[in-house]
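> just to be clear, the model below is a prediction. Sequence and coordinates:
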Amino acid sequence: MSDELDVLIREVDKKKAELGIKPPLAPDAEEAYKERFLFESIYHSNAIDGNRLTLEEVKQLLTQNEVIPGKTLSDHLSIVGYRDATLQAQRYIRDKTRITEHEIKKLHYKLLIDQQAVSGEYRDYNLMIHGHRPTSYEKVPYKMVQITEARPSEDKHPIESIAFFHLRLEKIHPFGDGNGRVGRIILNVMLEQLGYPAVIVTLDDKQRYYAALSAYDGLNGNPDVEPMQLLLAELLIRQLDELLAL
């Protein structure tokens, strides 16, 4: 662990401890925070993948069930599917469900409601993503068992382990579509199951997030996990600061 990452992780744990002794939010304030977080997480995660609905349109669609003029059916269904997958993820958090292949496939099935023929199923073809070739489709099932059955290293901080899992999942790229979105949902499940707040990778974070994914691709011959670990630590600090300020 670099000195930079060590400093950030210490700050995360300090703020997490401060939040732990802070009086609970009033029920209405807690509900308002959760609702705002839900809408913003749905908006940003989908916008990163090219969805054209604005934040206000996401709220309108989910609260009033209204069709947004000028936006595609696919854009609408992506928002609804992400909402449904998030609700499923919240059950995993509440029940302390360990994330296995089954849970990942179920989240993907909930997410891709506009692609029911392939939702919840691993891809059966190879592809290129931004000049990078993910795991060969024949190896995807083996690789997915490998990462979901692996136990986090005891000498690693949870932030390091969760970021590493996210990188490995995205490099495998098990599905034909929706890998980033389902991966970001799983990242938050893992965080919340360990007592950390869920985070949002915003549109402003997009380039740094993609750079962290690319750093792990190893196209320069040296796969690097730390850029994603640094980003995750900073996202946690941002979310903890927001919660401490409420």
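Now that the structure is in, tell me what you want to look at. Numbers count the residues shown, from 1 in each chain.

> any stretches of this protein with poor pLDDT?
Applying pLDDT under 70 to the chain flags residues 218-221.

> separation between the spatially most central residue of it and D124?
Closest residue to the average C-alpha location of the chain: R184 at 1.1 Å, with Cα atoms, centre = their mean. Using Cβ to Cβ, to the nearest Å, one gets 24 Å for the distance from R184 to D124. For every residue, glycine as well, the C-beta is placed using N, CA and C.

> how about the nearest residue to the residue nearest to the centre of the chain, chain neighbours excluded?
S45 (5.2 Å; Cβ to Cβ, 6 or more residues apart in numbering).

> so who does the residue nearest to the centre of the chain touch?
S45, H166, V201 (Cβ atoms under 8 Å, 6 or more residues apart in numbering).

> what sits against the second one?
Read it as H166. G183, R184, I186, L187, M228, L232.

> and it, how close does it get to K105?
Taken as Cβ to Cβ, the span from H166 to K105 is 17 Å.

> for the helix or strand hosting the residue nearest to R184, list the C-alpha coordinates in CSV.
Using DSSP states H and E, S45 sits within helix 27-48. Extracted C-alpha coordinates of helix 27-48, given in CSV (Å, rounded to 0.1, in the frame of the first residue of the first chain):
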residue,chain,number,x,y,z
PRO,A,27,-36.7,9.2,10.1
ASP,A,28,-37.7,11.9,7.6
ALA,A,29,-34.1,13.0,7.0
GLU,A,30,-32.9,9.5,6.6
GLU,A,31,-35.7,8.7,4.1
ALA,A,32,-34.9,11.9,2.1
TYR,A,33,-31.2,11.0,2.0
LYS,A,34,-32.0,7.4,0.8
GLU,A,35,-34.4,8.7,-1.9
ARG,A,36,-31.9,11.3,-3.1
PHE,A,37,-29.1,8.8,-3.2
LEU,A,38,-31.2,6.2,-5.1
PHE,A,39,-32.1,8.7,-7.8
GLU,A,40,-28.6,10.1,-8.1
SER,A,41,-27.0,6.6,-8.2
ILE,A,42,-29.4,5.4,-10.9
TYR,A,43,-28.9,8.6,-13.0
HIS,A,44,-25.1,8.7,-12.8
SER,A,45,-24.4,5.0,-13.3
ASN,A,46,-26.7,4.9,-16.4
ALA,A,47,-25.4,8.2,-17.7
ILE,A,48,-21.8,6.9,-17.6
